[in-house]
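Participant: After the sequence you'll find the predicted model.
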Amino acid sequence: MTSTLPSSEHGISDRPSASEWKRCELLLSGQKDILQIIASSADSERAAEALAHLAERIQPDIKCAIFLTASDRTSFSHVCAPNLSRRCRVPLLQSPVTSRILNGGWRDSHDQAEPLVVDLTQNGKWKHDAWANALTAEGFQICLFVPVVSPNREPLAIFSLFGCDKANFVTSDSQLVQTAIHLTAIACEMSERQEELCAERERLSLALAGGKLGIWNWDLRTNEFVWSEQCKSFFGFPPDAKIGFEQFLGVVHSGDRDRTVNAIEESIRKDVPCDVEYRVVHPDGTVRWVAATGRTFRDDFDRPIRMGGVARDVTDEKEFDAELQEYQSQLRSALAAAELARREAESAIKAKDQFLAVLSHELRTPLTPITMAASWLRNAEELSDQARNAFDMIFRNAELEARLIDDLLDLTRVARNQLELQFQTVDVHAVLRAAIEVCELGIQEKRQSLNLQLAAARSLVQGDIARLQQVFWNLLKNAIKFTPEGGSISVKSRNDKQHIVVQVSDTGIGIEPKMIPKIFLAFEQADRDIVKQFGGLGLGLAISRAIIDAHRGAIAVHSDGKDLGSIFTVRLRLSDGPHVA
C-alpha cells in the first residue's frame with residue numbers, strides 16, 4: 001500500500017526546542033560544507049555522498065540513498081547510500097518504483113513528478129517484490145522517494161529515505177527533504193555544466209591543434225598575458241612561462257617591432273581589429289613568422305580593459321610564398337629569354353628564307369641560258385663525240401642544279417605558307433604513269449625492275465596535277481637513287497573507303513629506326529656517308545609532305561631497318577567528279 005503522509009504538527013510551539021536548534025545548526029553547517037564541495041569540484045557524486053551523511057546525522061533513525069541519473073535520463077549512473085547495504089541497493093536500482101519515478105510514472109494534477117511514500121507493512125502490490133523484501137528484511141517499514149528535476153523538468157536524481165519507525169518518519173515537505181532536494185539539484189546541474197565545459201574545452205583544444213592556432217589574452221590593467229601552450233610555443237616560450245608585454249616585445253624581431261606596436265596601439269585607440277604578421281626570434285636564434293589576429297574589449301565606460309585573439313605560425317606559408325615568388329621570377333626570366341630566342345629564331349628563319357629566295361633566283365637566272373645552250377650544242381651534227389659528251393655532261397649537271405634550286409624555292413614558299421595550288425579533278429593513276437615515264441631512264445640505267453599494280457577502282461581526287469606529280473616523282477627518284485643496281489621498285493594503288501592509297505616501295509638501303517621521325521624534315525638525311533655517296537640536300541620529302549598536307553592527305557614511311565628497303569604511303573581523299581569552284 002502506498003500513501004502520502006501529511007505534515008506532522010507535533011512539537012510545534014512558539015519556541016523551538018534545544019534539539020530542533022541543534023538540527024537546524026547542523027543542517028546549516030552541512031549545507032555550507034556541501035556548497036563548498038560543489039563550488040570547488042562540481043562533483044555530484046561527492047556532494048551526494050556528503051548529503052546522504054548529513055541527512056543521517058540530522059535524522060539518526062533513517063537511512064538515505066540518492067540515485068543519480070545517467071546522461072540518457074532513462075537509467076541511473078550511481079547510487080550514493082553510505083549506510084544502506086548492497087543487498088538493498090541493487091534491488092532498488094532494478095525496482096519498478098525508481099524506474100517509474102524516473103520516467104514520470106507518478107505525477108500530480110499539474111503534471112509535476114510528485115514524491116512517493118511506500119508503507120512496507122501493508123499488504124499490497126510490492127509484497128512479492130525483491131526490493132521490498134530486501135528492505136523489510138533490514139527492518140525498514142516505510143520509504144520516501146522524491147524526484148529531483150531540472151528547470152526544464154528533466155530528471156536529475158531521486159532522493160530517498162528509509163525508516164524503521166512510521167510514526168516519526170519525515171515528510172516530503174520537511175526542511176531536511178527540501179534542502180536536500182535543492183542541494184542535489186545544484187550539484188547535478190553544476191556537474192553537468194562542468195562536463196559540458198570540459199567537453200567544449202576538449203573540442204576547442206582539438207580545433208586549435210588541428211588548425212595550428214594559439215589563444216592569447218592580454219589584461220591591459222594588470223599587463224598580464226594569458227596564452228595557451230600552443231601560443232607560447234610559437235614564440236619560443238616554455239609552457240610554464242609567465243609573460244608580460246615586455247617579454248612579448250623582447251622576442252619580436254627588431255625589424256618588425258615598431259610596426260607591431262603601432263598595430264596594437266591603433267586597435268586600442270580606434271577600437272579596430274588588430275591583424276598583423278611579424279617575425280619572432282626563439283632562444284636558439286631560429287626565426288619564425290607569426291600571424292596574430294585579435295581585438296580590444298572595453299568596459300561599460302568604453303575604457304579598454306583587455307585584448308584577445310588567436311595566433312598562428314605561418315613560417316611554412318611564408319617560405320612557400322618566397323619560393324613561389326622566386327620560381328615566378330625565374331619563370332618570368334625564362335619566358336622573357338624564350339621570347340627573345342623565339343624572336344631571334346624567327347628573324348633568323350626569315351633572313352634564311354629571304355637569303356634562299358634571293359640566292360635561288362640569282363642562281364636560276366644564269367642556269368636557264370646555260371641549259372638551253374648545252375641542249376642545243378650537244379645535238380649539233382658537226383661536233384666530235386668528245387665535245388658532244390662534254391656538252392651532254394654540262395646539260396645534265398645544269399638540269400640537276402636547276403632542280404635543286406627549284407626545291408629551295410619550293411621550301412621557301414612552304415615556310416612562308418605561300419605554296420600555290422591549282423585544284424582540279426585529277427586521275428592519280430595518270431599522274432603516277434607520268435612520273436614513271438620521267439623516271440624510266442634512271443630505272444633502265446640501274447637495271448632495276450618496276451612492278452606496277454594500279455588496283456584502285458576509283459582514282460579521281462581534287463588536287464594540283466603538277467604538285468602531285470612532283471610528290472610521286474620525288475618518291476620514285478629516291479627509290480631509284482637508294483636502291484642498288486638490279487634491285488626492284490614497286491608502285492601499287494588500292495581503295496580504302498573514301499580514299500586512294502598509293503605505296504612506293506623498294507629493296508634499297510632502308511632507313512634506321514632513329515631516323516624515321518626526322519625523315520620528312522628539311523635538310524635531314526640518314527648520315528654523312530649517304531650524303532657523300534648519293535648527294536642531295538634532303539628537301540624532296542619535306543616538300544612532298546607539305547604538298548600532301550595542303551591536299552589534306554597523309555604521307556608516311558615504314559622500314560624494317562638498314563638494307564631492308566622502305567615503303568612510302570600516300571593517302572588522298574577521293575573525288576566524285578570534277579571540282580566545282
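Facilitator: Cool, got the structure.
Participant: what about the strands in the stretch 351-500 of the chain?
Facilitator: Ranges of strands within the stretch 351-500 of the chain are 424-427, 449-454, 460-463, 488-496, 499-506, based on DSSP state E, counting those that start in this stretch.
Participant: go on, the stretch 1-150 of the chain?
Facilitator: Ranges of strands in the stretch 1-150 of the chain, per DSSP E, counting those that start in this stretch, are 62-69, 76-80, 116-119, 142-149.
Participant: so after the lowest-mean-pLDDT helix or strand in the chain, what's the next helix or strand?
Facilitator: Ranked by mean pLDDT, DSSP states H and E, the helix or strand of the chain with the weakest confidence is helix 528-534, at a mean of 52. Next helix or strand after helix 528-534 toward the C-terminus (DSSP states H and E): helix 540-550.
Participant: and that next one, which residues are buried?
Facilitator: 540-548, 550 (16 or more other Cβ atoms under 10 Å). Just so you know, the C-beta spots here come from the backbone N, C-alpha and C atoms, and that holds for glycine as well.
Participant: Stretch 52-72 too?
Facilitator: Buried positions in stretch 52-72, judged by neighbour count with 16+ other Cβ under 10 Å: 52-56, 58-59, 62-69.
Participant: residues touching residue 82, list them.
Facilitator: Counting by Cβ atoms under 8 Å, 6 or more residues apart in numbering, residue 82 touches 49, 52-53, 56, 64.
Participant: Which of the three states applies to the residue nearest to residue 61 when sequence neighbours are not counted?
Facilitator: Excluding the flanking residues, the one nearest residue 61 by Cβ to Cβ, 6 or more residues apart in numbering is residue 165, at 5.9 Å. Here residue 165 is recorded as coil under DSSP: H, G, I helix; E, B strand; the rest coil.
Participant: Would you check how far apart residue 165 and residue 51 are?
Facilitator: Distance check for residue 165 against residue 51: by Cβ to Cβ, to the nearest Å, it reads 22 Å.
Participant: And these two? Which one has more around it.
Facilitator: residue 51 (25 against 12; other Cβ atoms under 10 Å).
Participant: Report pLDDT for the more buried one.
Facilitator: On pLDDT, residue 51 comes in at 89.
Participant: quick one: it from residue 31, how far?
Facilitator: For residue 51, the distance to residue 31 (Cβ to Cβ) stands at 9 Å.
Participant: Low-confidence bits of the stretch 201-350 of the chain, can you list those?
Facilitator: 201-211 (pLDDT under 70).
Participant: Which parts of it are helices?
Facilitator: Along the stretch 201-350 of the chain, counting by DSSP state H, counting those that start in this stretch, helices occupy 229-234, 245-251, 254-270, 315-377.
Participant: Which among those is found nearest to residue 219?
Facilitator: Residue 219 sits nearest to helix 245-251 of all the helices of the stretch 201-350 of the chain, at 10.2 Å, using Cβ to Cβ.
Participant: Which secondary structure elements does that closest one sit against?
Facilitator: strand 224-227, helix 254-270 (3 or more Cβ pairs under 8 Å, 6 or more residues apart in numbering; DSSP states H and E).
Participant: mind running it again at 7 Å?
Facilitator: With contacts taken as 3 or more Cβ pairs under 7 Å, 6 or more residues apart in numbering; DSSP states H and E, helix 245-251 sits against no other helix or strand.
Participant: Identify the contacts common to residue 51 and residue 31.
Facilitator: Common contacts of residue 51 and residue 31 (Cβ atoms under 7 Å, 6 or more residues apart in numbering): residue 183.
Participant: any weak-confidence spans in the stretch 351-500 of the chain?
Facilitator: Scanning the stretch 351-500 of the chain for pLDDT under 70 picks out 356-357, 359-365, 367-368, 395-416, 418.
Participant: hmm, try it at 80
Facilitator: Across the stretch 351-500 of the chain, the ranges flagged by pLDDT under 80 are 351-420.
Participant: got it, and the stretch 1-150 of the chain?
Facilitator: For the stretch 1-150 of the chain, applying pLDDT under 80 flags the ranges 1-20, 22-23, 40-43, 70-77, 89-114, 122-130.
Participant: could you pull out the helices for it?
Facilitator: So, for the stretch 1-150 of the chain - with DSSP H, counting those that start in this stretch - the helices run 18-41, 44-58, 86-94, 96-102, 130-137.
Participant: can you pull the contacts of residue 219?
Facilitator: Taking Cβ under 7 Å, 6+ apart as the criterion, residue 219 is in contact with residue 306.
Participant: who's it bridged to?
Facilitator: residue 224, residue 306 (DSSP bridges).
Participant: Switch the buried residues of helix 540-550 over to a markdown table; also include distance to residue 391.
Facilitator: Compiled in a markdown table, the buried residues of helix 540-550 are given as follows (distance: Cβ to Cβ, whole Å):
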| residue | distance to residue 391 |
| --- | --- |
| 540 | 27 |
| 541 | 33 |
| 542 | 33 |
| 543 | 30 |
| 544 | 32 |
| 545 | 37 |
| 546 | 36 |
| 547 | 34 |
| 548 | 38 |
| 550 | 39 |
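Participant: Pick out the most distant pair among those residues.
Facilitator: Within the buried residues of helix 540-550, two members stand farthest from each other by Cβ to Cβ: 540 and 550, at 15.8 Å.
Participant: pretty sure the residue nearest to residue 61 contacts residue 60?
Facilitator: No: in this structure residue 165 lies outside contact range of residue 60 using Cβ atoms under 7 Å: 11.1 Å.
Participant: follow-up on the earlier one: could you say which of the helices of the stretch 201-350 of the chain is packed most deeply?
Facilitator: helix 229-234 (a mean of 20; mean count of other Cβ atoms under 10 Å).
Participant: List the contacts of it.
Facilitator: 208-209, 213-216, 239, 241, 288, 290, 311, 313.
Participant: what sits against residue 130?
Facilitator: residue 91.
Participant: next one: the strand ranked longest in the chain to chain centre, how far?
Facilitator: Across the chain, the longest stretch assigned as strand under DSSP state E is strand 287-298. Once both centres are worked out by Cα atoms, centre = their mean, to the nearest Å, strand 287-298 turns out to sit 28 Å from its chain's centre.
Participant: Show me what it is packed up against.
Facilitator: On a contact count with 3+ Cβ pairs under 7 Å, 6+ apart, strand 287-298 meets helix 254-270, strand 274-281, strand 304-313, helix 315-377.
Participant: Could I get the ones you listed in a markdown table, plus columns for distance to residue 176?
Facilitator: Listed next are the helices and strands packed on strand 287-298 as a markdown table, based on distance: least, Cβ to Cβ, whole Å:
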| stretch | distance to residue 176 |
| --- | --- |
| helix 254-270 | 55 |
| strand 274-281 | 56 |
| strand 304-313 | 46 |
| helix 315-377 | 64 |
